[in-house]
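Quick one: sequence and predicted model below, then my questions.
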Amino acid sequence: MEPWVAMALRNQPLLRQAKADLKTAQAAVRYHERAGWPTLTIQMEAQHGLGELLPGVEVNQMGASINLFFPIYQGGGISAATGQAQAAVSVSQNRLRHVRDDIRLQTETAFLNMQTSVAQMQASLQALAAARISLAGTRKGYQVGTRSFIDVLTVATQYAAAERSYEVALYNQIMARVELKAAVGVLKPRDVLAINALLTNRPHKGSIGAAQHFAKSQASRLERP
């Protein structure tokens, strides 16, 4: 489970967004704090004049000024803006913790559901195999006269129920795989294509051995995120 959780904490877009929001809020605090810093400005001037006052007299002037501004009183605007920005940082930090905890919980839940879905599908395959053998035996018994037609109908109904349980188990496993990747944040369009291929190429209901091999191959995927 832990490799999946670690991957979710690295790749989940919601977590990256929450981290970016926190950085933005922290930058806003620094911006408002700097509004109370002294401001130093340097201004330089140069002037050239020829014959402005006296003909033939050239005048060149240069000057510089340094201004230091102290925002001693601004009606509490700086401190109020800074306090508001700090409150936004606290909100962003709490949201980041909430998102991280929620991602961990969703990933762990999705992983456990995935494990459960594999176990359910394997159990449904075994039940389908047993129902198929029972149906074949009942039909043989009906042919030789040891079983009644009602017995055949009853066992056929049980076989149909086993097929339905297998289809439900397969659906649950597919959804569990999708939900796990979505929780981790790595669900991509190619996963949809893989699911379509899985449904297209999945073993036929009658091929119990192939279906069991299919279930084992899907269970092994849990070992590597």
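Here it is on my side, so go on.

mind pulling up the phi and psi values for Gln12?
With angles defined as degrees, to the nearest 10, Gln12 sits at phi -60, psi 120.

Need the nearest residue in space to the residue most central in space within the chain, chain neighbours excluded.
Within the chain, the residue whose C-alpha comes closest to the C-alpha centroid is Gly185; the distance, by Cα atoms, centre = their mean, is 2.9 Å. Leaving aside its sequence neighbours, Gly185 sits nearest to Gln12 (Cβ to Cβ, 6 or more residues apart in numbering; 3.7 Å). Just so you know, the C-beta spots here come from the backbone N, C-alpha and C atoms, and that holds for glycine as well.

distance of the residue nearest to the centre of the chain from Leu14?
For Gly185, the distance to Leu14 under the criterion Cβ to Cβ, to the nearest Å works out to 8 Å.

for Ala119, same thing?
Computed as Cβ to Cβ, the Ala119 to Leu14 distance reads 30 Å.

For the protein, which segments count as strands?
Along the chain, counting by DSSP state E, strands occupy 39-50, 58-69.

Now the first one: buried residues?
I take that to be strand 39-50. Going by neighbour count (16 or more other Cβ atoms under 10 Å), nothing in strand 39-50 comes out as buried.

So which elements touch the lengthiest helix in the chain?
The helix of greatest length in the chain, counted in residues with DSSP state H as the criterion, is given as helix 77-144. Packing partners of helix 77-144 (3 or more Cβ pairs under 8 Å, 6 or more residues apart in numbering; DSSP states H and E): helix 2-11, helix 13-34, helix 149-184, helix 208-220.

Now do that helix: distance to the chain's middle.
Averaged C-alpha coordinates place helix 77-144 at 13 Å from its chain's average position (Cα atoms, centre = their mean, to the nearest Å).

do stretch 7-26 as well
Its chain's average C-alpha position is 11 Å from that of stretch 7-26, according to Cα atoms, centre = their mean.

which outside residues touch it?
Surrounding stretch 7-26, the residues in contact under the criterion Cβ atoms under 8 Å, 6 or more residues apart in numbering are 85, 88-89, 91-93, 95-96, 99-100, 103-104, 106-107, 183-186, 225.

By mean pLDDT, flag the weakest helix or strand of the chain.
Across the helices and strands of the chain, the lowest-confidence element by mean pLDDT, DSSP states H and E is helix 208-220, at a mean of 48.

For the residue nearest to the centre of the chain, what are phi and psi?
For Gly185, the backbone dihedrals (degrees, to the nearest 10) come out as phi 90, psi 20.

Can you tell me how far Gln173 is from Glu167?
Per Cβ to Cβ, Gln173 is found 11 Å from Glu167.

Tell me which of the two has more neighbours.
More neighbours sit around Gln173 than around the other of Gln173 and Glu167, counting by other Cβ atoms under 10 Å; the figures are 24 against 13.

Perfect, that will be all.
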